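Visitor: I'd like to go over a predicted model; first the sequence, then the structure.
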Amino acid sequence: MKQHKRKITILVIVLLLLIGFFLPLPFYLETPGTAESLSKFVTVDGKRDRRKGHYMLTTVALQQARPLTYLWSKTQPFAETVSKESLMGGASNRTYEQMQTYYMQSSINDAITVAYRRAGEAYHKKYRGIYVMSLLAGSKFKGHLAIGDTVTKIDGHAFKSAQQFINYVKRQRVGQKVTVTYTHKQQVKTTTQALVKLPGTKRPGLGITLVDHSQVKTDIPVKVNVGEIGGPSAGTMFTLEIYDQLTGGKLRRGRKIAGTGTMDAKGNVGAIGGIDKKVVAASRAGATIFFAPDDPVTKADKKADPNYKNNYAVAKAAAKRIHSKIKVVPIKTFSDVVNYLKK
């Protein structure tokens, strides 16, 4: 009898452990991630950056919450719970991952553009077409086009922007068939399907979410391979790594320099999420400088949240909270980054 009870107890314990480790909860956990040396991601003119010190991109770790990891998160000062809706905005997991891949590639293109322009080196931006981000359930192109495909022509017409594409489709009618030329896994294909009425409008459309898909070509070859890292937040640090390699590596001077922020093609730095966690990751990796977007705090921001603080303020508070000596530097443009490092 005692042996039987012992077996039941063991089974209950095993079951509870399995539930604790594997039962998914309906939200995610965000915690400090890593600070990764950019030298392993970027090559310029076929060479890696082997100079002393590092430029580092910083990440936020994201994982599906489980009962035990959720309890653990309550003991961690920089752990947050995030709903799937607020994280993905209603997108499916596949669409969200595709969006993150697209945003990363776009940020790399803009980083190359800004770095080469400032270094005075030649670059050429080539418009490739319309990138398919998602397909509506009622789209006639569903099952033909796929997320990640690039639409290059409609009825034999090529366009130079997503807006030109939209304007052309607007002039057609619901139910009319159009022929789409597109690239799927590097293969050129065509499909002819009917336009549908877009939800909430009377306008015709393919029933896809679309964005511009461009590519930057350079005379001095540059390659950026980020693996599974997604999103646009490393744009500023990619720009810095590429620029410093192009100009002889005179800015770093042996230091470990981390940071974050989006980068647009004009050299403007944009705000990102989870910056407090990125400061923690950078400090743990030994960085002495952390570049943080100094995004403007608008009246609308304060109205929506009276306690709103911009990226720079949150980053400074995080450094203070962990008693780190890391220098948090506010930046609005790539010029701010270069000018600071030249001091």
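Guide: Everything's here; your move.

Visitor: helices along this protein, start to end?
Guide: Assigned by DSSP state H, the helices in the chain fall at 2-22, 67-73, 84-88, 93-119, 162-170, 235-246, 275-284, 299-304, 311-321, 334-342.

Visitor: can you list these in TSV and add mean neighbour count and distance to residue 196?
Guide: C-beta here means a position set from N, CA and C on the backbone, and glycine is covered the same way. Below are these laid out as TSV (neighbours: other C-beta atoms under 10 Å; distance: least, C-beta to C-beta, whole Å):
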stretch	mean neighbour count	distance to residue 196
helix 2-22	10	41
helix 67-73	15	42
helix 84-88	13	24
helix 93-119	20	19
helix 162-170	15	11
helix 235-246	26	35
helix 275-284	25	41
helix 299-304	10	35
helix 311-321	19	41
helix 334-342	17	42
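
Visitor: want to throw those helices into TSV with distance to residue 34?
Guide: Shown next, in TSV, are the helices of the chain (distance: least, C-beta to C-beta, whole Å):
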stretch	distance to residue 34
helix 2-22	23
helix 67-73	18
helix 84-88	19
helix 93-119	16
helix 162-170	34
helix 235-246	13
helix 275-284	6
helix 299-304	30
helix 311-321	16
helix 334-342	21
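
Visitor: residue 53 is nearest to which of those?
Guide: helix 235-246 (10.4 Å; C-beta to C-beta).

Visitor: mean confidence score for that closest one?
Guide: Mean pLDDT, helix 235-246: 97.

Visitor: helices or strands up against that helix?
Guide: strand 42-44, strand 54-64, helix 93-119, strand 222-224, strand 256-259, strand 262-263, strand 289-293, helix 334-342 (3 or more C-beta pairs under 8 Å, 6 or more residues apart in numbering; DSSP states H and E).

Visitor: the second one packs against which elements?
Guide: To tie it back to what came earlier, the one meant is strand 54-64. strand 27-37, helix 235-246, strand 256-259, helix 275-284.

Visitor: relative to helix 275-284, how tilted is it?
Guide: Going by axes from the mean of the first three to the mean of the last three C-alpha atoms, to 10 degrees, strand 54-64 is angled at 130 degrees with respect to helix 275-284.

Visitor: lowest average confidence across the helices and strands packed on helix 235-246, which one?
Guide: helix 93-119 (a mean of 89).

Visitor: what residues are up against the nearest residue to residue 199 once chain neighbours are set aside?
Guide: Nearest non-adjacent residue to residue 199, counting by C-beta to C-beta, 6 or more residues apart in numbering: residue 136, 7.1 Å away. Applying C-beta atoms under 8 Å, 6 or more residues apart in numbering to residue 136 gives the contacts 142, 196, 199, 207-208.

Visitor: 10 Å instead, please
Guide: Neighbouring residues of residue 136 by C-beta atoms under 10 Å, 6 or more residues apart in numbering: 142, 196, 198-199, 205-209.
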